[in-house]
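Engineer: predicted model follows, preceded by the sequence.
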Amino acid sequence: SALLTIWSLPNDKIVPVIYAPKSIRFGDSPDELVKALEGRGYDPKSEVFICNNPEQCKPLIDTYNPSEIQRVSVPQQLVPEKVSPVEYQIDITGSQGKFILVFNNTYHPGWEAKIGEREPLKHIIANGYANGFVVDQLGDFQLKLYYTPQRELDYAYSISKWGMAVGISILVGLWLFKLR
């Protein structure tokens with residue numbers, strides 16, 4: 001008979017979908033994260049793991065300098081609202097400066113975080129699999145998290161709806177012309 005082994009995290013290790021950790025742990029390989037999770041020295045609710053070794057970490061996002069994000073603060077309150085499967089609005093209160101926002105969804109470069117109409121925030125891989133964003137803003141503000149490939153899909157859907165409407169109009173016009 002086959003042996004089935006199921007591995008799960010204890011409830012104290014499960015983190016919210018969107019959160020801001022209190023500290024950052026840099027490591028050289030994903031194995032370090034697994035070892036930290038197995039031990040008692042890592043709390044994923046208050047710490048984020050960022051791999052910074054190009055040989056061991058695939059894919060490595062080399063567009064950030066680890067020294068830019070070594071010191072982080074945590075906002076007083078972070079209230080995420082899921083607008084749709086591809087969009088979140090996050091109300092942030094009491095930001096004291098730079099922090100990492102973790103979106104616990106499998107990393108994809110198409111996820112983008114913006115504050116107002118500014119440039120997108122720096123996007124990194126957090127905890128070996130998730131989306132992380134470097135936020136550097138003081139005070140209270142709203143952040144929009146959006147899956148950008150959806151824009152092309154929405155555009156294509158709009159074109160196909162208009163194309164269908166034109167096609168139906170032509171068919172109805174031909175049918176009416178034939179009835180005369």
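Structural biologist: Good, I have the coordinates.

Engineer: for this protein, what spans make up the helices?
Structural biologist: Listed in chain order, the helices of the chain (DSSP state H) span 30-38, 149-179.

Engineer: off-centre distance for the last one?
Structural biologist: Which is helix 149-179. Counting by C-alpha atoms, centre = their mean, to the nearest Å, helix 149-179 is centred 35 Å from the centre of its parent chain.

Engineer: for the first one, same thing?
Structural biologist: The chain centroid and the centroid of helix 30-38 are separated by 22 Å, computed with C-alpha atoms, centre = their mean.

Engineer: other SSEs contacting that helix?
Structural biologist: strand 23-27, strand 47-51 (3 or more C-beta pairs under 8 Å, 6 or more residues apart in numbering; DSSP states H and E). For every residue, glycine as well, the C-beta is placed using N, CA and C.

Engineer: mind putting those strands into CSV with mean neighbour count?
Structural biologist: Shown next, in CSV, are the helices and strands packed on helix 30-38 (neighbours: other C-beta atoms under 10 Å):
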stretch, mean neighbour count
strand 23-27, 16
strand 47-51, 22
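
Engineer: nearest residue to residue 25 in space, please, no chain neighbours.
Structural biologist: residue 49 (5.1 Å; C-beta to C-beta, 6 or more residues apart in numbering).

Engineer: in the worst-scoring helix or strand of the chain on mean pLDDT, which residues are buried?
Structural biologist: When the helices and strands of the chain are compared on mean pLDDT, DSSP states H and E, helix 30-38 comes out lowest with a mean of 79. For helix 30-38, a neighbour-count test (16 or more other C-beta atoms under 10 Å) marks 30, 32-33, 36-37 as buried.

Engineer: stretch 99-114 too?
Structural biologist: In stretch 99-114, counting by 16+ other C-beta under 10 Å, buried: 99-105, 107, 111-113.

Engineer: pull the residues that contact that stretch.
Structural biologist: 15-21, 24, 48, 59, 69, 72-75, 78, 88, 90, 120-121, 123-127, 129-135, 143-149 (C-beta atoms under 8 Å, 6 or more residues apart in numbering).

Engineer: list buried residues within these.
Structural biologist: Looks like these have 15, 18-21, 24, 48, 69, 72, 74-75, 78, 88, 90, 121, 123-127, 130-135, 143, 145-147 buried, using 16+ other C-beta under 10 Å.
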